[in-house]
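In: The sequence and its predicted three-dimensional model are supplied below.
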Amino acid sequence: MRAVVQRVSRATVTVAGETVGEIGRGLLVLLGVAHDDTAADARALVDKVLGLRIFPDHEYKMNRSVVDVAGSVLVVSQFTLLADVRKGRRPSFTAAAPPDAGAAMVDAVVDLVAERGVGVATGRFGAMMEVELVNAGPVTIVVDVTEGRVH
């Protein structure tokens, strides 16, 4: 499981001109699910993302998490994060989970965020989405999880 986490002042995802997910201050999480990802991976990812101290405190040091600042999370599935570009010019996506399994894991991540009391919005799995964001900082972190451990 791979996530690109961006600290945002706002983010929106639209499908065919319709807004399907929107947050104010918080985190945009672009989420790629691998074919061998497990529930333990989802828990580890959510624990790490919600605990990341990447929001400024009163001294403007990155010491606060999205939970600490009462922010929200926008989760957008993005299988292209699992692209393998080592050979040729066309990316291979064989590491990505098949659609049904990928959708289930994205749903699991969203449910885990909600269970922690954090506001969560989503894109639409499998749709052609347009994501608009204001990256605050900019702050962008890549989180990789396999076998329930963050790498």
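Out: The structure has been received and is ready for your questions.

In: can you pull up the bridge partners for residue 145?
Out: Note on residue 145: beta-bridge partners by DSSP bridges are residue 150.

In: what's the distance between the most far-flung residue of the chain relative to its centre and residue 9?
Out: Going by Cα atoms, centre = their mean, the residue of the chain most distant from its centre is residue 88, 28.0 Å out. Per Cβ to Cβ, to the nearest Å, residue 88 is found 39 Å from residue 9. Where C-beta positions appear, they are placed from N, C-alpha and C, glycine not excepted.

In: give the contact list for residue 118.
Out: 50, 66-67, 71-73 (Cβ atoms under 8 Å, 6 or more residues apart in numbering).

In: again, 6 Å this time
Out: The contact partners of residue 118, taken as Cβ atoms under 6 Å, 6 or more residues apart in numbering, are residue 73.

In: I'd like the distance between it and residue 151.
Out: From residue 118 over to residue 151 (counting by Cβ to Cβ), the distance is 23 Å.

In: Tell me the helices and strands packed up against the lowest-mean-pLDDT helix or strand in the chain.
Out: Ranked by mean pLDDT, DSSP states H and E, the weakest helix or strand in the chain is strand 149-150, scoring a mean of 92. Applying 3 or more Cβ pairs under 6 Å, 6 or more residues apart in numbering; DSSP states H and E, we find strand 149-150 packed against no helix or strand.
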